[in-house]
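# Need coordinates for the following:
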Amino acid sequence: MKRTSKQIIIKALSIGVVLMGFTHIAATFSPLIADKLALLPDGAQDAFLYFSLMCGALLVMGGGVTYFLSGKIAEYDFVRKPYILALSILNVDGILAVCNMPHNPFAWVIFSLTICLMLVNLTRVSSHQ
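Below you'll find the predicted structure:
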């Protein structure tokens with residue numbers, strides 16, 4: 001099956017989302033190394049680590065799902081729902097990143113990647129119905 005330009009764009013954006021997820025996970029450990037989390041109470045440290053690592057994992061997994069399933073939508077009808085779910089979750093994550101961290105440039109990169117991923121897919125997914 002020949003890859004279209006849309007599939008190439010989708011795969012590139014998905015790789016960008018995955019890379020941002022790994023960056024997020026790596027950035028979670030920098031405050032630990034610098035011992036900056038010591039100022040937080042124990043419960044807050046645990047919550048910070050959990051939510052930060054889970055957000056990075058969500059980006060890695062969502063980007064991976066969109067990467068691997070993007071070429072399968074035309075072949076397999078049952079792939080559409082999990083694909084749209086992954087796109088939706090990534091968009092919520094991107095929007096919330098900007099809402100909660102408007103001065104963080106990485107939040108804007110995640111927002112841009114996830115919105116572009118959704119926009120590129122809108123016409124593609126709906127045209128296969």
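# can you map out the helices along this protein?
With DSSP state H as the criterion, the chain has helices at 5-33, 42-69, 80-100, 105-127.
# Would you format these as CSV with mean pLDDT included?
As requested, the helices of the chain are exported to CSV (pLDDT from 0 to 100):
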stretch, mean pLDDT
helix 5-33, 88
helix 42-69, 87
helix 80-100, 92
helix 105-127, 84
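# mind putting those in a markdown table, mean neighbour count included?
The way it works is simple: take the backbone N, C-alpha and C, and place the C-beta from them, glycine included. Formatted as a markdown table, these follow (neighbours: other CB atoms under 10 Å):
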| stretch | mean neighbour count |
| --- | --- |
| helix 5-33 | 16 |
| helix 42-69 | 16 |
| helix 80-100 | 16 |
| helix 105-127 | 17 |
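# any idea how far the residue nearest to the spatial centre of the chain is from W108?
For the chain, L59 is the residue whose C-alpha lies nearest the centre (CA atoms, centre = their mean; 3.1 Å). Separation of L59 from W108 (CB to CB, to the nearest Å): 14 Å.
# Next: S14.
S14 sits at a distance of 18 Å from W108 (criterion: CB to CB).
# Equivalent analysis for I9, please.
Taking CB to CB as the measure, I9 falls 19 Å from W108.
# N100 contacts F106, doesn't it?
No. Using CB atoms under 8 Å, N100 is not in contact with F106, being 12.0 Å away.
# one step back: with adjacent residues omitted, what lies nearest to the residue nearest to the centre of the chain?
Leaving aside its sequence neighbours, L59 sits nearest to G21 (CB to CB, 6 or more residues apart in numbering; 3.0 Å).
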